[in-house]
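> Need coordinates for the following:
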Amino acid sequence: MKVLNRIKKNADFNRVIEEGRIIKSNSLTLYFQKNTLGFTRIGISIPKKSGNAVVRNKMRRQIRAIIASDVSLDKSYDVILIARKQFDINQFIKTKQDINELFKKVG
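Numbers count the residues shown, from 1 in each chain. Presented below is the predicted three-dimensional model:
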């Protein structure tokens, strides 16, 4: 995933979470909102309750890898993915299916 396609600013995260729509799965929550940039930007948030820094970074890497390989970023959306308590780093295939289903619902 290119740096251009990432949301890093706290103000952008808050705007999408407050004004955007929400879709939930068992392991992930997805907030999305249309943007005017012409490409999709994605932000990933992992709560501290999920584990130590090593575990959280592994979760983030897995999500980025799935998005880079499977998800089409042609549309113009701002997307925030937040991991939930049920997220399991050992179930990569299930996570991949959840992410694909969430992005299909977005459009």
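> Show me the helices in this structure, by range?
Using DSSP state H, the helices of the chain run over 10-19, 53-70, 92-106.
> So which of these is nearest Tyr31?
Ranking these by proximity to Tyr31 (Cβ to Cβ) places helix 10-19 first, at 5.1 Å. Heads up, the C-betas are built off the backbone N, CA and C, glycines and all.
> Please name every helix or strand in contact with that closest one.
On a contact count with 3 or more Cβ pairs under 8 Å, 6 or more residues apart in numbering; DSSP states H and E, helix 10-19 meets strand 28-34, strand 41-45, strand 77-83.
> again, only this time at 7 Å
strand 28-34, strand 77-83 (3 or more Cβ pairs under 7 Å, 6 or more residues apart in numbering; DSSP states H and E).
> Let's have the helices of the chain in CSV, adding distance to Pro47.
Output for these, formatted as CSV (distance: least, Cβ to Cβ, whole Å):
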stretch, distance to Pro47
helix 10-19, 13
helix 53-70, 8
helix 92-106, 16
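> looking at those helices, which is closest to Ile82?
Closest to Ile82 of those is helix 10-19 (Cβ to Cβ; 8.5 Å).
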